[in-house]
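Enquirer: Sharing a sequence plus its predicted fold:
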Amino acid sequence: MSERPAFEVHKCDESGCRFDLDCPDLAFRLQVAMDCPEFQDILLFLLFNFLLLQVMSKRRYPLACVTCVVLIAVAGCKPLQINNLAQRVRASNFRDWSPQFALLPYAESLPGGKIKLRNIRNNLYLTENDFVPQYYDRSIALTDIRHVDFIVVPFRGNEYMAHTMLSFELADRSFISVSAEIRTEKGEEYSPILGVSRQFEITYVVADERDLIRLRTWHRDADVYIYRTVANPAQSQALFVDVMERVNQLAHQPEFYHTVTNNCTTNILDHVNRLRQNPLAYNWQILLPGYSDEYAYNEGLLDTSVQFAQLKQAAWINDLADLHFDDPDFSRKIRQR
């Protein structure tokens, strides 16, 4: 049997197993992770979250074990920027933020049932990391909100993991999108392991669809699926209000992101459940949000007049996003399947 490639935490050999998302050897990932100084620093946090998940999942031990393995396997052992203990004690809105998260959005109530949205992001991206920051404000009437779409962006190479977002359609066929994300500081990168150890604050990005979707389809080469929900205008408006209240809450009371309990998908679940008489359960399809669209389908939140496989195929918009990249009517045309 050949020897495993040599590995150093801070000097990965690009010709060998880099122990990142492309490393095929899960056993080796786990072995190296256990020897990783960064992993040892947060092992207690992981064990704490294992116990937390028992409470949330009514003592479903297999689910908790899978969570721990997934976090380690996806993250691997690579150079990580870890905040010191003082920074982990309390979440803050005052750090040296990455430029794309420098401004927090918030919403203001205006007379006549109108809402003023501040700091709607609409960056002009040259590459994923090179962009011209752009923001604008917009006043809308709550009754202008007609529909809400559910967006799923699977992680390439780990499709069981995904980022999820909401996008609200207005009467003029424009869209306002909302994405719960980690608010990275300069030099930080996402890690699901660090995501359980109070390393990242969570933020809501309120943005133009051209920002959030083109960033993912063009610059990250990620698959994007847009599903029209069955929510009627009144339900969509109630959901929008609940989301904006959360946006304002985080602007005044920052919180830590959590890979399992306070992420993009769990926040959407919370918003939906606050408006439902029969709350949706936190299950493995929420834990692994690459399957959250199928969960929404099975719960009747999406169009069930067709089979899920057919619905998902129609929801994929990458080709249309590339075709209409510079079109002023981008949002409408990417939905013309």
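Expert: Now that the structure is in, tell me what you want to look at.

Enquirer: what's the single longest strand in the chain?
Expert: strand 158-170 (DSSP state E).

Enquirer: show me where pLDDT drops low in the stretch 1-150 of the chain?
Expert: Across the stretch 1-150 of the chain, the ranges flagged by pLDDT under 70 are 1-89.

Enquirer: partners of the longest strand of the chain, with directions?
Expert: strand 145-155 (antiparallel), strand 175-183 (antiparallel) (DSSP bridges).

Enquirer: Nearest to Met161 among these would be which one?
Expert: strand 145-155 (4.4 Å; CB to CB). Every C-beta, even on glycine, is put in place using the N, C-alpha and C of the backbone.

Enquirer: Alpha carbons only: can I get the closest one in PDB?
Expert: Taking C-alpha atoms only, strand 145-155 is exported to PDB below (Å, rounded to 0.1, in the frame of the first residue of the first chain):
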ATOM      1  CA  ILE A 145     -45.400  42.800  -3.200                       C
ATOM      2  CA  ARG A 146     -47.100  40.100  -5.200                       C
ATOM      3  CA  HIS A 147     -45.100  36.900  -4.900                       C
ATOM      4  CA  VAL A 148     -42.100  35.300  -3.300                       C
ATOM      5  CA  ASP A 149     -39.600  32.900  -4.900                       C
ATOM      6  CA  PHE A 150     -37.400  30.400  -3.100                       C
ATOM      7  CA  ILE A 151     -33.800  30.200  -4.500                       C
ATOM      8  CA  VAL A 152     -31.400  27.300  -3.900                       C
ATOM      9  CA  VAL A 153     -27.700  27.300  -4.800                       C
ATOM     10  CA  PRO A 154     -26.000  23.900  -4.200                       C
ATOM     11  CA  PHE A 155     -22.300  23.900  -3.400                       C
END
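
Enquirer: Check what pLDDT Pro192 gets.
Expert: Per-residue pLDDT puts Pro192 at 80.

Enquirer: pretty sure it is in a helix, no?
Expert: No - if the criterion is DSSP: H, G, I helix; E, B strand; the rest coil, then Pro192 is coil and not within a helix.

Enquirer: got the contact list for Phe131?
Expert: Listed by CB atoms under 8 Å, 6 or more residues apart in numbering, the contact set of Phe131 reads 99-100, 123-125.

Enquirer: so of those, which ones are in helices?
Expert: Judged by DSSP state H, helices contain none of those.

Enquirer: okay if I get those as JSON lines plus neighbour count and distance to Ser179?
Expert: Converted to JSON lines, the contacts of Phe131 look like this (neighbours: other CB atoms under 10 Å; distance: CB to CB, whole Å):
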{"residue": "Pro99", "neighbour count": "12", "distance to Ser179": "16"}
{"residue": "Gln100", "neighbour count": "20", "distance to Ser179": "11"}
{"residue": "Asn123", "neighbour count": "19", "distance to Ser179": "13"}
{"residue": "Leu124", "neighbour count": "12", "distance to Ser179": "18"}
{"residue": "Tyr125", "neighbour count": "17", "distance to Ser179": "15"}
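
Enquirer: Go through the residues you listed and name the one nearest Asn278.
Expert: Gln100 (37.4 Å).

Enquirer: Report the separation between the closest residue to that closest one other than its chain neighbours and Asp130.
Expert: In space, and not counting its chain neighbours, Gln100 is closest to Asn123: 6.5 Å by CB to CB, 6 or more residues apart in numbering. Separation of Asn123 from Asp130 (CB to CB, to the nearest Å): 10 Å.

Enquirer: With Gln310 instead?
Expert: Distance from Gln310 to Asp130, by CB to CB: 38 Å.

Enquirer: One more: Glu169?
Expert: When Glu169 is compared with Asp130 (using CB to CB), they lie 30 Å apart.

Enquirer: same check, this time on Thr266
Expert: Thr266 is 31 Å from Asp130, by CB to CB.

Enquirer: Those two: who's more crowded?
Expert: Neighbour count, other CB atoms under 10 Å: between Thr266 and Asp130, Thr266 has more, with 19 against 9.

Enquirer: doesn't that one fall inside a helix?
Expert: Yes - under three-state DSSP, Thr266 sits within a helix.

Enquirer: Excluding chain neighbours, give the residue nearest to it in space.
Expert: Ile286 (6.4 Å).

Enquirer: Helix, strand or coil: sort out the one you found for me.
Expert: Applying three-state DSSP: Ile286 is helix.

Enquirer: what's around it, how many residues?
Expert: By other CB under 10 Å, neighbour count at Ile286 equals 19.

Enquirer: right, and it touches Tyr295 too?
Expert: Yes - counting by CB atoms under 8 Å, Ile286 does reach Tyr295; the two are 6.9 Å apart.

Enquirer: Strands - which of the contacts of Phe131 land there?
Expert: Reading strands off the contacts of Phe131 with DSSP E, I get 124-125.

Enquirer: where along this structure do the helices fall?
Expert: Counting by DSSP H, the helices of the chain are 26-35, 37-56, 61-75, 85-89, 209-214, 233-252, 264-273, 284-287, 292-298, 308-315, 318-323, 330-333.

Enquirer: ok, now how distant is Arg173 from Ala234?
Expert: Relative to Ala234, and taking CB to CB, Arg173 is found at 19 Å.

Enquirer: Could you do Phe155 as well?
Expert: 34 Å.

Enquirer: Mind checking which of these two has more residues around it?
Expert: Phe155 (17 against 10).
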